[in-house]
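missing the sequence, but the structure's below:
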């Protein structure tokens, strides 16, 4: 029951079911029985999805402690525990600890699994994602490419996991500024996803968005616009009408129009974003303030310099910034919010 609720995204109900199962097992089983480790792992999984990382970490570590006692030293379930702990550390931004856990998981898998087992590819992919996040792009690329090599042997040629590896490789090249290579990887990922997934799957929207981002950075704005618009079309089908996830595509399309000098269209897209966020977020959410500012800035785009004290007061109120000297300065298409403590660019 807990697994079903988990797949449905009803995490509080899933947690309740997993905890009830755990209570029964604690009574019926010895204190270090592997099934208790399984219960702790399930509970940790739900806490991780709920964003309660300290509770997730505690549950995963308790599961690991039991498995270390109950299982042989290189049992695959120990690799799973290391991976779960690494995932939580990753989500918490503690990348060195995450890397240590991921690498320990991979070490065990190399001992107990065949050399081209898909789980090895998953571990290499996780390590690649972590290195990319840490800015160690050559190591990230090596890990992603190793993952892809294994997947090409172990999986069908159009398996979605291959698309994920191509996306990871594209992301690294993108971060390295090698846009033609990034584009090639993103397009290969899209080709696979178009074969493997339903026509309006969210991952297709992600692929079109990635391609748009690269074209945007390359200054090929019409191609960027085409990709962004395709991403938006899919998201509009896959998501509710005012889902906050629609805001990102509208923002990116608006920015492309801004770079193309089509300021009226920019304003129209930002107003659409503001409408979405006002309906989907609390009125004091910071996104509302930032979008208010961006809309007004684009209305004032013909002014080389302009101070916006009225907007500054709105920003102060919404963000809880009470410095009377907060200024919002518009200068040649860029904005700066500044006060005695900090300066932020928009």
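Thanks, I have the structure now. Nothing here was measured: the structure is a model prediction, and the numbers come from that model.

Can you show me the strands along the stretch 201-346 of the chain?
305-307, 327-331, 334-338, 343-345 (DSSP state E, counting those that start in this stretch).

State the mean pLDDT of the first one.
Per-region confidence: strand 305-307 scores 40 on mean pLDDT.

Check the average confidence over stretch 225-241, would you?
Stretch 225-241 comes out at a mean pLDDT of 93.

that older thread, can you tell me which of the strands of the stretch 201-346 of the chain the model trusts least?
Mean pLDDT is lowest for strand 305-307 out of those, coming in at a mean of 40.

how close does residue 79 sit to residue 22?
22 Å (C-beta to C-beta, to the nearest Å). From N, CA and C alone the C-beta is placed, and that goes for glycine too.

what about these two, which has more around it?
residue 79 (24 against 18; other C-beta atoms under 10 Å).

Read off the pLDDT value for that one.
Reported pLDDT for residue 79: 95.

per-domain residue ranges of the chain.
1-112, 202-281 (automatic domain parsing).

residues contacting the closest residue to residue 92 other than its chain neighbours?
Distance criterion C-beta to C-beta, 6 or more residues apart in numbering; nearest residue to residue 92, sequence neighbours excluded, is residue 53 at 4.9 Å. By C-beta atoms under 8 Å, 6 or more residues apart in numbering, the contact list for residue 53 reads 47, 88, 91, 92.

List only buried entries from the residues you listed.
47, 88 (16 or more other C-beta atoms under 10 Å).

quick one: which of the contacts of residue 53 is nearest residue 117?
Closest approach to residue 117 among the contacts of residue 53 (C-beta to C-beta): residue 88, at 23.7 Å.

residues in contact with that closest one?
Per C-beta under 8 Å, 6+ apart, neighbours of residue 88: 44, 48, 53, 56, 57, 60.

my read is it is in a helix, agree?
Yes - under DSSP: H, G, I helix; E, B strand; the rest coil, residue 88 sits within a helix.

pLDDT wise, what is it at?
The model's pLDDT for residue 88 equals 95.

what do you get for residue 270?
78.

For residue 257, see how far away it is.
In terms of C-beta to C-beta, residue 270 sits 10 Å off from residue 257.

How about residue 30?
Residue 30 sits 65 Å away from residue 257, going by C-beta to C-beta.

Out of the contacts of residue 88, the closest to residue 193 would be?
Of the contacts of residue 88, the one sitting nearest to residue 193 (C-beta to C-beta) turns out to be residue 48, at 25.8 Å.

Kindly tell me how buried that closest one is, as a neighbour count.
Residues lying near residue 48 (other C-beta under 10 Å) number 20.

Is the residue nearest to it when sequence neighbours are not counted part of a helix or strand, or is it coil?
In this structure, residue 48 finds its nearest non-sequential neighbour in residue 56, 4.0 Å apart by C-beta to C-beta, 6+ apart. Secondary structure for residue 56, judged by three-state DSSP, is helix.

Residue 56 contacts residue 44, correct?
Yes - with contacts defined as C-beta atoms under 8 Å, residue 56 counts as touching residue 44 at a distance of 4.6 Å.

neighbour-wise, which of the two wins?
Between residue 56 and residue 44, counting by other C-beta under 10 Å, residue 44 is the more crowded of the two (28 against 24).

Stretch 5-12: which residues count as buried?
For stretch 5-12, a neighbour-count test (16+ other C-beta under 10 Å) marks 5, 6, 11 as buried.

which other residues reach the helix or strand that residue 181 is a member of?
Using DSSP states H and E, residue 181 sits in helix 179-196. Helix 179-196 is contacted from outside by 158-160, 162-164, 166-167, 169-171, 173-174, 201, 203-204, 207-208, 210-211, 214-215, 217-218, using C-beta under 8 Å, 6+ apart.
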